[in-house]
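Chemist: Turn this into a structure:
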Amino acid sequence: MYGPLPPAMAPAGVSGTVGVGRDDLVSGEAVALDLPPAGIGLRMVSGLIDLVLGFAAWYALQWLSLKVVGDTDFALLVASFTLSMVTALVVVPSVMETMSRGKTVGHWAVGLRTVRDDAGPIGFRHALTRALLGVIEIYGCAGIPALLAAVCTRKGKRFGDLLAGTYVIRDRHRLSVPEPIPMPPELATWAQTADVAPLPDQLAVMVRQFLARRADMKPQARMLLGQRLLRDAAPYVAPAPPAGAPDEMVLIAIMAERRRRDTERIGRDERLRRRLLG
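Modeler: Residues are numbered from 1 along each chain as shown. Okay, here's the model as predicted:
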């Protein structure tokens, strides 16, 4: 029932599978939130800061090793230098990104954050994978492989991101949550008395995306998609809407009524929780 949309019926920037933009994060309420990937320029500035600090930490630890171990035991000195490199370039960045939930010093400076592909916070495994690959693509190759990968991938991923399943976002960019469309007055009475069941998540996403981007669609595609979505939503609504009601208005009424009922239910649950715990 919810197969891919024909290309001509899908609005610009919307996935033909479920009606969601390719870079959209979909919340539990089927609202697509925009988590924009960081631009190449910000990534380069952030990477340069981390590169300089990484080398500075590495050299500082080597100097400390030389002072502590001395040059009398060559094997121990080599081991301490190796440990210094691993600590400065792998351990410290991994721990920092894990503890800060995706931030390096460079990220802090320019307002970036590393997140998982599903936009969740990264863990130690993600941070360690990025740091290990970073030793090769950033420190070992002066960042050239990372830059090429970021230019060629859709979300500006370097090889460490591709392997870890992460990408970098603009942490200081405010999420844009679309304002809900109000209930059409002519359908308010019908919607309030109708039995409106929750729509399947995939269908709810498609309806919301259609209503948000319908103005950018061609009239024929807009009409056909509206008819299809209403046909798919009809089994979840009873009785049928008034005869002659425009398809788009009916879809708006269904989504507005579900939002109102969900809001009231959440409010009742919260009041009950406070009474039980208070």
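Chemist: For the rest of this, base every contact and every neighbour count on C-alpha atoms.
Modeler: Will do.
Chemist: what about the helices in the stretch 1-150 of the chain?
Modeler: 40-69, 74-86, 92-99, 105-110, 124-134, 144-152 (DSSP state H, counting those that start in this stretch).
Chemist: Quick check: residue 234 vs residue 198, distance?
Modeler: Plainly put, residue 234 is 12 Å away from residue 198 if you go by Cα to Cα, to the nearest Å.
Chemist: Oops, could you answer that again for residue 251 instead?
Modeler: From residue 251 to residue 198 the distance is 13 Å (Cα to Cα).
Chemist: Which of these two has more residues huddled nearby?
Modeler: Between residue 251 and residue 198, residue 251 has the larger neighbour count (other Cα atoms under 10 Å), namely 22 against 15.
Chemist: host element of the nearest residue to the more buried one once chain neighbours are set aside?
Modeler: Leaving out its chain neighbours, the residue that sits closest to residue 251 by Cα to Cα, 6 or more residues apart in numbering is residue 230, at 6.4 Å. Element membership for residue 230 (DSSP states H and E) is helix 219-233.
Chemist: Please compute how far that helix lies from its chain's middle.
Modeler: Centre-to-centre, helix 219-233 and its host chain are 28 Å apart (Cα atoms, centre = their mean, to the nearest Å).
Chemist: Quick check: next helix or strand after it?
Modeler: strand 237-238.
Chemist: mean confidence for that next one?
Modeler: On average, the pLDDT along strand 237-238 is 93.
Chemist: cool, stretch 126-136 as well?
Modeler: On average, stretch 126-136 scores 94.
Chemist: In CSV, list the C-alpha atoms belonging to that stretch.
Modeler: The C-alpha coordinates for stretch 126-136 follow below in CSV (Å, rounded to 0.1, in the frame of the first residue of the first chain):
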residue,chain,number,x,y,z
HIS,A,126,32.2,5.4,16.8
ALA,A,127,34.8,7.8,18.3
LEU,A,128,37.5,5.1,18.3
THR,A,129,36.8,4.1,14.7
ARG,A,130,37.0,7.8,13.5
ALA,A,131,40.2,8.3,15.5
LEU,A,132,42.0,5.2,14.1
LEU,A,133,41.1,6.1,10.5
GLY,A,134,42.1,9.7,11.3
VAL,A,135,45.7,8.7,12.0
ILE,A,136,45.9,7.6,8.4
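Chemist: what's next to that stretch, contact-wise?
Modeler: With contacts defined as Cα atoms under 8 Å, 6 or more residues apart in numbering, stretch 126-136 is touched by 89-91, 93-95, 97-98, 102, 159-161, 163-166.
Chemist: Buried subset of the residues you listed as a PyMOL selection?
Modeler: Selecting only the buried entries of those in PyMOL, with 16 or more other Cα atoms under 10 Å as the criterion:
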select buried, resi 89+90+91+93+94+95+97+98+102+159+160+161+164+165+166
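Chemist: and which of the contacts of stretch 126-136 is nearest residue 57?
Modeler: residue 89 (8.2 Å; Cα to Cα).
Chemist: what residues are up against that closest one?
Modeler: 54, 55, 58, 131, 135.
Chemist: counting contacts, what elements does the helix holding residue 230 pack onto?
Modeler: Where contact means 3 or more Cα pairs under 8 Å, 6 or more residues apart in numbering; DSSP states H and E, helix 219-233 is packed against helix 201-213, helix 247-277.
Chemist: Alright, that wraps it up for me.
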